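**Q** coords below, sequence missing:
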């Protein structure tokens, strides 16, 4: 298949670079306007991954770092689909995720929060979407944690996601939040998103139908990547 | 009344945060979890072309280097072909060449470094060739949506001068922000490429 161009990205639904209430953005945000590029081969192409890249426990955060026990916390399944803006599934694409443990502590040498490290929890995983764009993984629900921004900011419970799609211009990192979390309206990082519907799209609903009785609750999180034009780029190579 | 357009909307970006390494480079976060950490080897062992090393830092608007940045690299091989089904010539790439990698800055110094092969010219729009370049995507704490830029090569002045993307930059004084300076070290080509997120000599970033 020959690549085709992506739809223009709607920047109004993404957080702008400069969001002063998220203080770190102030000196890390470009001040010049971004230079708009029409898609070339460099943007329409992107890396592919296969099952050979992954290990058998990579999508099971309950077991992939277990050292003689299981992690503490509320057991959950997170599942959903990766789609593009036309509603078509994105099959075989790499989805990566990372999170704090149930107490809100990351297994990272730079995290010094006083909540304890869980010896049985690493906090990262990855999987490939199936032919219908579906993915799922098992984990424990992450805890909220404080962070240095204002003196008393707390992140709502969240899971970080990284998704590839089929072209490098679709590359996306985002965060999934949990339905009903009272910290959601208080988070400057979430509030950086100007569009209410776009913000709501990051909040995963409880999905009892996908829960496992006597075992795990489930949350559903669909991820939408940029759509591609159906017009083949090849048709446009020689002018027009 | 008109028919509804049934598009759905792209998921909003959120910052990768300070602990991006846990998910995308857990070895750097301080623990081993995956048998195969992705993105460590951009070109693979069989790639033709010149082996090069790239070193640099990413600076914020105060002039301080970011020590928690993650950069992804996406490039063509030495023949200008991407290892991606969207490239009509992708079947010709060398076995093991992915053309994609992940690089993090040092937690103390902010320096990053990676090795790859120098890419060839890539067909651009309207059949115009694009000068050899690396596509870079930069994420970190404080970056709300990943920043896209390109690294071009100082030893390609003729190709750079004709490059359709560099040609879009109105102020020629901003060109050098995208061109890595070549030198030799221990018999290997070394390119120095610093990225400035803000302020004087701010790097040109693209809305791709």
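**A** That came through, no problem. The model shown is predicted, which means the values in this text are computed figures rather than measured ones.
**Q** buried sites along stretch B:88-106?
**A** B:88, B:90, B:93-94, B:97-105 (16 or more other Cβ atoms under 10 Å in any protein chain shown). C-beta coordinates here come from the backbone N, C-alpha and C atoms, glycine included.
**Q** stretch B:150-168: end-to-end distance?
**A** 13 Å (Cα to Cα, to the nearest Å).
**Q** now do stretch B:44-59
**A** 29 Å.
**Q** that stretch near chain A anywhere?
**A** No - Stretch B:44-59 lies apart from chain A when judged by Cβ under 8 Å from any Cβ of the partner chain; the minimum separation is 9.1 Å.
**Q** distance between that stretch and the chain's centre?
**A** 11 Å (Cα atoms, centre = their mean, to the nearest Å).
**Q** any idea of the mean pLDDT for it?
**A** The average pLDDT for stretch B:44-59 rounds to 98.
**Q** one more: stretch A:43-61?
**A** On average, stretch A:43-61 scores 97.
**Q** which of the residues in stretch A:24-41 are buried?
**A** Here stretch A:24-41 shows A:24-30, A:34-35, A:37-41 as buried, counting by 16+ other Cβ under 10 Å.
**Q** that stretch and chain B in contact?
**A** Yes - on the criterion Cβ under 8 Å from any Cβ, stretch A:24-41 is in touch with chain B at A:24-32, A:34-41.
**Q** quick one: which of those residues sit in helices?
**A** residue A:41 (DSSP state H).
**Q** among the residues of stretch A:24-41 next to chain B, which are in strands?
**A** A:35-36 (DSSP state E).
**Q** ok, which pair from the buried residues of stretch A:24-41 is furthest apart?
**A** A:26 and A:41 (35.6 Å; Cβ to Cβ).
**Q** any idea which helix or strand comes after the longest strand along chain A?
**A** In terms of residue count, the longest strand belonging to chain A (DSSP E) is strand A:75-84. Using DSSP states H and E, the next helix or strand after strand A:75-84 towards the C-terminus is strand A:94-99.
**Q** which residues are contacting that next one?
**A** A:49, A:53, A:61, A:78, A:82, A:106, A:123-129, A:135, A:137, A:139, A:142, A:158-164, A:223, B:19-20, B:22-24, B:38 (Cβ atoms under 8 Å, 6 or more residues apart in numbering or on different chains).
**Q** can you rerun that using 6 Å?
**A** A:49, A:123-128, A:135, A:142, A:159-164, B:22-23 (Cβ atoms under 6 Å, 6 or more residues apart in numbering or on different chains).
**Q** residue contacts, the residue nearest in space to the middle of chain B?
**A** Nearest residue to the geometric centre of chain B (Cα atoms, centre = their mean): residue B:136, 2.0 Å. For residue B:136, the contact set (Cβ under 6 Å, 6+ apart) comprises B:71, B:149, B:151.
**Q** same thing with residue B:121?
**A** Applying Cβ under 6 Å, 6+ apart to residue B:121 gives the contacts B:80, B:129, B:132.
**Q** ChimeraX command to pick out the buried ones of the residues you listed?
**A** A single ChimeraX command selects the buried members of the contacts of residue B:121 (16+ other Cβ under 10 Å):
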select /B:80,132
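**Q** pick the one among the contacts of residue B:121 closest to chain A.
**A** The shortest approach to chain A among those belongs to residue B:80, at 8.6 Å (Cβ to the nearest Cβ).
**Q** what are the ranges of the strands in the chain?
**A** In the absence of a named chain, chain A is used. Under DSSP E, chain A gives strands at A:4-6, A:35-36, A:75-84, A:94-99, A:124-128, A:134-140, A:145-147, A:153-155, A:158-163, A:172-178, A:203-204, A:217-220, A:223-225, A:228-232.
**Q** that's the wrong chain, I meant chain B
**A** B:51-59, B:70-74, B:100-104, B:111-117, B:122-123, B:129-130, B:133-139, B:147-153, B:179-185, B:188-192, B:195-196, B:206-207.
**Q** need the ones you listed in CSV with distance to residue A:194, can you?
**A** Below are those laid out as CSV (distance: least, Cβ to Cβ, whole Å):
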stretch, distance to residue A:194
strand B:51-59, 26
strand B:70-74, 25
strand B:100-104, 30
strand B:111-117, 32
strand B:122-123, 35
strand B:129-130, 34
strand B:133-139, 20
strand B:147-153, 19
strand B:179-185, 35
strand B:188-192, 37
strand B:195-196, 26
strand B:206-207, 17
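**Q** and residue B:170, which of those strands is closest to it?
**A** strand B:206-207 (13.9 Å).
**Q** which other residues reach the closest one?
**A** So strand B:206-207 is in contact with A:34-37, B:148, going by Cβ under 6 Å, 6+ apart.
**Q** now with 10 Å?
**A** Strand B:206-207 has contacts (Cβ atoms under 10 Å, 6 or more residues apart in numbering or on different chains) with A:8-9, A:11, A:33-37, A:42-43, A:169, B:135, B:147-150, B:165, B:168, B:178.
**Q** any regions of chain B where pLDDT drops low?
**A** Applying pLDDT under 70 to chain B flags no residue at all.
**Q** contacting residues around residue B:105?
**A** Taking Cβ under 10 Å, 6+ apart as the test, what residue B:105 contacts is B:28, B:56-58, B:65-71, B:111-113, B:140.
**Q** try it again with 7 Å
**A** B:57-58, B:65-67, B:69, B:111-112 (Cβ atoms under 7 Å, 6 or more residues apart in numbering or on different chains).
**Q** how close does it sit to chain A?
**A** 12 Å (Cβ to the nearest Cβ, to the nearest Å).
**Q** so residue B:7 makes contact with residue A:86?
**A** Yes - using Cβ atoms under 7 Å, residue B:7 is in contact with residue A:86, at 6.4 Å.
**Q** overlap of the contact sets of these two?
**A** With Cβ under 7 Å, 6+ apart, residue B:7 and residue A:86 have common neighbours residue A:227.
**Q** low-confidence ranges, chain A, go.
**A** Checking chain A against pLDDT under 70 turns up A:1-3, A:231-240.
**Q** try 90 this time
**A** A:1-4, A:229-240 (pLDDT under 90).
**Q** so which residue is dead centre in it?
**A** Using Cα atoms, centre = their mean, the most central residue of chain A is residue A:161, at 2.1 Å.
**Q** and it, how far is that from chain B?
**A** 9 Å.
**Q** now that residue: how far from residue A:183?
**A** 19 Å (Cβ to Cβ, to the nearest Å).
**Q** can you check residue B:157 too?
**A** 54 Å.
**Q** with neighbour numbers in mind, choose between these two.
**A** residue A:183 (16 against 12; other Cβ atoms under 10 Å in any protein chain shown).
**Q** excluding chain neighbours, what is closest to the more buried one?
**A** residue A:156 (3.8 Å; Cβ to Cβ, 6 or more residues apart in numbering or on different chains).
**Q** same question for residue B:45.
**A** In space, residue B:45 is closest to residue B:96, 5.8 Å off (Cβ to Cβ, 6+ apart).
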